[in-house]
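In: Fold the following.
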Amino acid sequence: MWHLSRRNFATAALGLAGALAVGTTFAQSYPSKPIRLIVGYQAGGPTDMTARLIATKLQTALGQPVIVENKVGAGSNIASEFVAASPPDGYTLLLAAAPITMNGFLYKNLKWDVQKSFEPIVNVMTAPSVLAVATKLPVRSVSELVALAKRQPGKLTFGSTGNGGSQHLAGELLKQRAGIDLLHIPYKGASAALNDLMAGQVDMVFMTSMSALPHLKSGNPRPIAVASAKRLPQLPDVPTVAESGFPGFEAESWNGLFAPAKTPPEIIARLNAEVNKALTAPDLREMLVSQGAVLVGGSSADFRQYIGQEVVRWGRLLKTLKVSMD
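Out: Okay, the predicted model is just below:
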């Protein structure tokens with residue numbers, strides 16, 4: 001049996017106290033250099049926009065530059081892997097979206113795990129997906145769309161912001177629930193998908209309200225349903241998918257801030273507090289809410305719980321759909 005002598009105990013305790021003191025001092029001096037905010041999506045998209053708004057507020061609050069870097073590719077896995085492998089010192093952060101909770105089921109050989117490789121800091125906002133169709137399509141409701149798809153199996157196309165994203169999976173869920181066959185067309189970002197939808201090159205897209213609200217209000221593309229529990233205040237006349245005959249159909253996007261696992265709790269708490277403060281700023285609120293976002297905030301524990309719920313929800317769906325990106 002191994003015994004800890006008084007001398008060894010005292011030495012260990014002294015070492016632990018020293019380590020804690022160093023950690024506390026480090027956290028108190030944080031930040032002392034620029035912070036990198038990594039985004040796994042293209043510049044100009046809704047997640048990038050959220051990241052840049054948050055970066056501006058953090059930069060002012062923390063007194064150090066907060067530099068947004070877009071590391072695009074592999075369904076946002078490149079960005080997630082980069083941050084997961086970064087030093088846990090608070091100088092490399094990740095602004096992620098809903099696919100971070102899905103990719104563990106879509107890709108077999110990931111080098112990170114959303115619940116083990118990161119410290120959740122705060123959920124910034126959520127945004128429902130809106131089902132929009134090209135104006136050339138002779139449908140004005142989900143029921144009309146389903147009827148048309150059943151008359152033309154495999155001929156209608158639905159675009160998304162990329163394979164494995166929440167918009168792609170919303171389309172797959174509609175296919176399953178409605179018993180229809182649609183051809184998926186993945187795009188490299190929200191702007192490309194929106195442009196082709198407006199030009200009639202693709203028949204329909206599930207898009208976040210943030211990516212196209214002004215266009216949706218104008219009627220091109222034509223919004224026919226919102227994939228959330230309640231109607232979107234900015235589109236009050238557009239019913240939910242649930243109202244349209246598919247109870248419980250929800251597919252929302254969200255943006256949240258993460259740090260690498262084992263980042264000191266003092267740093268997590270500081271960043272959480274500053275983002276929550278930023279979410280009360282009138283200019284930031286106006287910018288995001290006017291685009292259809294619902295601001296969230298809250299504690300890091302709240303966000304950790306939400307992530308766990310999302311993993312369970314999407315895991316069940318993906319196992320049922322048998323969708324794989326490998």
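In: correct me, but residue 153 touches residue 179?
Out: No - here residue 153 does not reach residue 179: they are 10.0 Å apart, not a contact under Cβ atoms under 8 Å. For every residue, glycine as well, the C-beta is placed using N, CA and C.
In: For residue 306, give its distance to residue 298.
Out: Using Cβ to Cβ, to the nearest Å, residue 306 is found at 9 Å from residue 298.
In: Over to residue 185?
Out: From residue 185 to residue 298 the distance is 36 Å (Cβ to Cβ).
In: So which of these two has more stuff around it?
Out: residue 185 (18 against 15; other Cβ atoms under 10 Å).
In: Which strand or helix spans that one?
Out: Element membership for residue 185, per DSSP states H and E: strand 183-186.
In: Please identify every residue contacting each of residue 306 and residue 298.
Out: Listed contacts common to residue 306 and residue 298 are residue 123; contacts here mean Cβ atoms under 8 Å, 6 or more residues apart in numbering.
In: Near residue 150, how many other residues are there?
Out: 13.
In: which residues sit in contact with the closest residue to it other than its chain neighbours?
Out: The spatially closest residue to residue 150, leaving aside those adjacent along the chain, is residue 180, at 5.9 Å (Cβ to Cβ, 6 or more residues apart in numbering). Residues near residue 180 by Cβ under 8 Å, 6+ apart: 146, 149, 150, 153, 156, 174.
In: One more: residue 116?
Out: residue 261.
In: In a helix, it, correct?
Out: No - counting by DSSP: H, G, I helix; E, B strand; the rest coil, residue 116 falls outside a helix, being coil.
In: quick one, phi psi at it?
Out: When quoted as degrees, to the nearest 10, the phi and psi of residue 116 stand at phi -120, psi -30.
In: ok, back up a step: give me the contact list for the strand holding residue 185.
Out: By Cβ under 8 Å, 6+ apart, strand 183-186 touches 154-163, 168, 171-172, 196, 202.
In: Quick check on those: which are buried?
Out: For those, a burial check counting by 16 or more other Cβ atoms under 10 Å picks out 156-163, 168, 171-172, 196, 202.
In: Throw the residues you listed into JSON lines and include pLDDT, distance to residue 130 and secondary structure, thanks.
Out: As requested, the buried ones among the contacts of strand 183-186 are exported to JSON lines (pLDDT from 0 to 100; distance: Cβ to Cβ, whole Å; DSSP: H, G, I helix; E, B strand; the rest coil):
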{"residue": "156", "pLDDT": "98", "distance to residue 130": "17", "secondary structure": "coil"}
{"residue": "157", "pLDDT": "98", "distance to residue 130": "17", "secondary structure": "strand"}
{"residue": "158", "pLDDT": "97", "distance to residue 130": "13", "secondary structure": "strand"}
{"residue": "159", "pLDDT": "96", "distance to residue 130": "13", "secondary structure": "strand"}
{"residue": "160", "pLDDT": "92", "distance to residue 130": "13", "secondary structure": "strand"}
{"residue": "161", "pLDDT": "83", "distance to residue 130": "13", "secondary structure": "coil"}
{"residue": "162", "pLDDT": "79", "distance to residue 130": "17", "secondary structure": "coil"}
{"residue": "163", "pLDDT": "79", "distance to residue 130": "20", "secondary structure": "coil"}
{"residue": "168", "pLDDT": "89", "distance to residue 130": "15", "secondary structure": "helix"}
{"residue": "171", "pLDDT": "94", "distance to residue 130": "13", "secondary structure": "helix"}
{"residue": "172", "pLDDT": "91", "distance to residue 130": "17", "secondary structure": "helix"}
{"residue": "196", "pLDDT": "97", "distance to residue 130": "16", "secondary structure": "helix"}
{"residue": "202", "pLDDT": "98", "distance to residue 130": "15", "secondary structure": "coil"}
